[in-house]
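Peer 1: Kindly return the folded structure for what I paste below:
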Amino acid sequence: MGRGMISINLINYNNGDCFDEFSGALYEMVSLLDYDYEIVLVDNYSDDGSYEKLKEITDIHCQMESTRGEARNKCLELCSGDVTVDQIDTDQEPQPVLADIINWYCDNMPEWCLNTNGCMINNANTVKGLKFGDHQSGEDKCLWDKLIDRGLYKHIQINTCHHIDNDHKRSPPFYHAHNPFPQSHRKNEYDQLRKKFTRN
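Peer 2: Next up is the predicted model:
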């Protein structure tokens, strides 16, 4: 797989109070991408007007009653990208460093999927074959386990999205400490990736 389309897959439920912060951060991030992209939205029948606002900034959109996992799989069904950016919710602010990581991933097109603190960057062929778990959790350890079993999972401790709280202030960024590759040579590999994408 070579250079191609990026699908930025969003899920939403009643995050209208975060729209200004989210959309501004999203526009800033995608302006730094070196590749064509599409924005895909699955909304869980929001009743706060957020779906109508998000329709204006997305290329593909639909509503369905769903868990987070079901909504993410619907995004995969609707999208056409060679690379998917998943697990971004509309109460987050995507950071500019995310564009750096996506560009690097597209330049290299590995088969493995890259989990960051905030979202996942995936080879579409890989993730569509495995799919997200059917659950309501924000993190998808079911998918991670499938990828780990196949040697197709990597994680770097870089904050690519910040959560927006109800007062429109930045709360502590998403994080987790799940590291399936504790071996020293793997740690060195991740440290190198982290240094590559850490902005001063």
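
Peer 1: How is L54 assigned, secondary-structure-wise?
Peer 2: helix (DSSP: H, G, I helix; E, B strand; the rest coil).

Peer 1: What count of nearby residues applies to it?
Peer 2: Using other Cβ atoms under 10 Å, L54 is surrounded by 22 other residues. C-betas here are computed from N, CA, C, even on glycine.

Peer 1: Could you do Y37 as well?
Peer 2: For Y37, using other Cβ under 10 Å, the count is 17.

Peer 1: Contacts only, for it.
Peer 2: Contacts for Y37 (Cβ atoms under 8 Å, 6 or more residues apart in numbering) come out as M5, I6, S7, I8, V30, G81.

Peer 1: Quick check: beta-bridge partners of the fourth one?
Peer 2: What it means is I8. Here I8 sits in beta bridges with I39, V85, as judged by DSSP bridges.

Peer 1: Nearest to C142 among the contacts of Y37?
Peer 2: Among these, S7 lies closest to C142 (Cβ to Cβ), at 21.0 Å.

Peer 1: which non-adjacent residue is nearest the closest one?
Peer 2: With sequence-adjacent residues excluded and distances taken as Cβ to Cβ, 6 or more residues apart in numbering, S7 is closest to G81, at 3.0 Å.

Peer 1: you'd agree that neighbour is up against Y35?
Peer 2: No. The pair G81 / Y35 is not scored as a contact, 9.0 Å apart, by Cβ atoms under 8 Å.

Peer 1: Just say helix, strand or coil for D48.
Peer 2: Reduced to three states by three-state DSSP, D48 is coil.

Peer 1: So what's the residue count around it?
Peer 2: Using other Cβ under 10 Å, D48 is surrounded by 14 other residues.

Peer 1: just P96 next, same as before
Peer 2: So P96, with other Cβ under 10 Å, has 13 neighbours.

Peer 1: re earlier: could you identify which of the contacts of Y37 has the most neighbours?
Peer 2: I8 leads the contacts of Y37 on contacts (other Cβ under 10 Å) with 27 neighbours.

Peer 1: Could I get the contacting residues of that residue?
Peer 2: Shown in contact with I8 (Cβ under 8 Å, 6+ apart): L26, V30, Y37, E38, I39, V40, V85, I88.
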